[in-house]
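Visitor: Pasting a predicted model and its sequence here:
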Amino acid sequence: MKAVRVLEYGGPLVFNDVPTPTISRDEILVKVKSTAVNHIDLVKASGTAREILPIDLPWIPGHEFSGLVEQIGSDVAACTPGDAVFGTTAGRGAYAEYLAVKAAAVARKPSNLSFEEAASVPVASQTAWAGLFTHGHLERGQMILIHGGAGAVGSYAVQLASHAGATVIATASGHDEAYLKSIGASRVIDYREAAFEKVLREKVDVVFDLIGGDTQERSFSVLKEGGHLVAATQPVSEEEAARHHVSGVMMRLAPSGDGLGRIARLLEEGTIRPDVATVYALRDVAQAWKDIAGNLPGVHGMSPSAPGAARHRSHGKIVLRVA
Ligand SMILES: NC(=O)c1ccc[n+]([C@@H]2O[C@H](COP(=O)([O-])OP(=O)(O)OC[C@H]3O[C@@H](n4cnc5c(N)ncnc54)[C@H](OP(=O)(O)O)[C@@H]3O)[C@@H](O)[C@H]2O)c1
């Protein structure tokens, strides 16, 4: 099968033939239709975080996919060949024509979504769900501040929090204000123009931090006592959390087919919607990574000023069409 591989840390993406994976009893073989690009693909491939995010080289990137079930293991009862599914990978990547994956990690693809749209959903939506409800304990009537609300994770967080009956305030670039209001944000603070802690009049119950750094440090002061700071990009200072009488946690996505099935139902009934920015063919993955690398200076040997590393400003995910 054709696949994209990283042969060495920081090395080029190589598109060529590799053996098709075989499945074990609890796995299915998926003919991949689409996969999506995540920051973590670039971070892992660069080797900059190899202590905490090690990979086995050569490595096929890709943490999420949509496709058709080609084969099922002898213990699998939930799927049959020909089913349209989507899900997350564990270890083996989805930048490939075929993927072996645990049957428990997939859900039925929502019938109203294209394969490209479906591939953009699993990582961002499940991260948003876990951030809001598992770690943030968000409830109806509460107020939440979401940093990076127009990003891939943030846009699901805005939609899910709004659907749950919370008041949603998001920080984002000013040009994303209309988009964020259309998906449920009550208020958008342009992070380039205003310091959120200076313009917020009320304290919030939950902060979901998808940015980190100084944005996280400034977030303690806008939380109510007993509130929750949930971070997706870096650990939260225990001392600062204790000083402000709030809880702080850095979350790590623990995806599941059941969780994704719950999200699939919300997509199918139109309660939430996916957002795809660009679709590339799998063989053009290098350009897709250049688009994203502008947001991750120094990763995979690229910088915002490197040729072709245009900063990816529009909202929505970058998807790779495989078949
Ligand atoms: N812990 C986990 O399990 C987990 C899972 C998934 C993702 N993540 C991490 O979560 C982060 C967000 O992921 P993503 O896929 O949503 O990223 P993304 O799609 O690139 O979105 C980032 C968004 O943040 C905006 N932004 C940049 N600086 C900001 C600031 N100072 N204040 C407010 N908004 C700002 C960007 O807008 P402009 O481009 O207009 O500046 C963009 O809309 C990444 O670091 C990712 O690695 C963690």
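Guide: Looks like it arrived, so ask away. Owing to the predicted nature of the structure, the values given are computational and were not obtained by experimental measurement.
Visitor: tell me the phi and psi of the residue in the stretch 101-250 of the chain that the ligand sits nearest to?
Guide: The minimum distance from the stretch 101-250 of the chain to the ligand, using Cβ to the nearest ligand atom, falls at residue 151 (2.0 Å). All C-beta atoms are positioned from the backbone trio N, CA, C, and that covers glycine. Note on residue 151: backbone dihedrals following degrees, to the nearest 10 are phi -80, psi -180.
Visitor: show me where the stretch 151-300 of the chain has helices.
Guide: 152-163, 177-182, 196-199, 214-219, 238-243, 257-268, 285-293 (DSSP state H, counting those that start in this stretch).
Visitor: So what's the gap between the third one and the chain middle?
Guide: This means helix 196-199. Here helix 196-199 is found 27 Å from its chain centre; the criterion is Cα atoms, centre = their mean, to the nearest Å.
Visitor: for the residue of the stretch 101-250 of the chain closest to the ligand, what are its contacts?
Guide: Listed by Cβ atoms under 8 Å, 6 or more residues apart in numbering, the contact partners of residue 151 are 210, 315.
Visitor: What parts of this structure come near the ligand?
Guide: 39-40, 123-124, 127, 147-148, 150-154, 171-173, 191, 210-211, 215, 232-233, 251-253, 295, 313, 315 (Cβ under 6 Å from any ligand atom).
Visitor: now the residues you listed: which count as buried?
Guide: In those, burial by neighbour count holds for 39, 123-124, 127, 147-148, 150-154, 171-173, 191, 210-211, 215, 232-233, 251, 253, 315, counting by 16 or more other Cβ atoms under 10 Å.
Visitor: Any chance of JSON lines for the helices of the stretch 151-300 of the chain, columns mean pLDDT?
Guide: What follows is the helices of the stretch 151-300 of the chain, written out as JSON lines (pLDDT from 0 to 100):
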{"stretch": "helix 152-163", "mean pLDDT": "98"}
{"stretch": "helix 177-182", "mean pLDDT": "97"}
{"stretch": "helix 196-199", "mean pLDDT": "98"}
{"stretch": "helix 214-219", "mean pLDDT": "97"}
{"stretch": "helix 238-243", "mean pLDDT": "98"}
{"stretch": "helix 257-268", "mean pLDDT": "98"}
{"stretch": "helix 285-293", "mean pLDDT": "92"}
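Visitor: Select, out of those, the one closest to residue 104.
Guide: Evaluated with Cβ to Cβ, the helices of the stretch 151-300 of the chain place helix 257-268 nearest to residue 104, the distance being 5.1 Å.
Visitor: about what we covered before: highest mean neighbour count out of the helices of the stretch 151-300 of the chain?
Guide: Comparing those by mean neighbour count (mean count of other Cβ atoms under 10 Å), helix 152-163 comes out on top with a mean of 26.
Visitor: which other helices and strands contact the helix or strand where residue 42 lies?
Guide: Per DSSP states H and E: residue 42 is located in helix 39-46. Counting contacts by 3 or more Cβ pairs under 8 Å, 6 or more residues apart in numbering; DSSP states H and E, helix 39-46 is packed against helix 285-293.
Visitor: Check the offset of the helix it packs on from the chain's centre.
Guide: 16 Å.
Visitor: just stretch 141-150 next, same as before
Guide: 16 Å.
Visitor: May I have the distance across that stretch, first residue to last?
Guide: 22 Å (Cα to Cα, to the nearest Å).
Visitor: Rounded mean pLDDT for that stretch, please.
Guide: On average, the pLDDT along stretch 141-150 is 98.
Visitor: for that stretch, which positions count as buried?
Guide: 142-150.
Visitor: Next, the residue nearest to the spatial centre of the chain: secondary structure please.
Guide: Nearest to the mean C-alpha position of the chain, counting by Cα atoms, centre = their mean, stands residue 124 at 2.8 Å. Secondary structure assignment for residue 124 (DSSP: H, G, I helix; E, B strand; the rest coil): helix.
Visitor: And it, how far from residue 17?
Guide: Separation of residue 124 from residue 17 (Cβ to Cβ, to the nearest Å): 31 Å.
Visitor: Next: residue 249.
Guide: For residue 249, the distance to residue 17 - Cβ to Cβ - is 43 Å.
Visitor: which one of these two has more residues nearby?
Guide: More crowded of residue 249 and residue 17, by other Cβ atoms under 10 Å: residue 249, with 16 against 9.
Visitor: My guess is that one contacts residue 230. True?
Guide: Yes: assessed by Cβ atoms under 8 Å, residue 249 is found in contact with residue 230 at 5.8 Å.
Visitor: in the helix or strand immediately after the helix holding residue 42 in the chain, what's buried?
Guide: Heading C-terminal from helix 39-46, the first helix or strand you meet, by DSSP H and E, is strand 64-72. Neighbour-count burial for strand 64-72 flags 64-72 (criterion: 16+ other Cβ under 10 Å).
Visitor: Please convert those residues to TSV, extending it with pLDDT.
Guide: Formatted as TSV, the buried residues of strand 64-72 follow (pLDDT from 0 to 100):
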residue	pLDDT
64	98
65	98
66	98
67	98
68	98
69	98
70	98
71	98
72	98
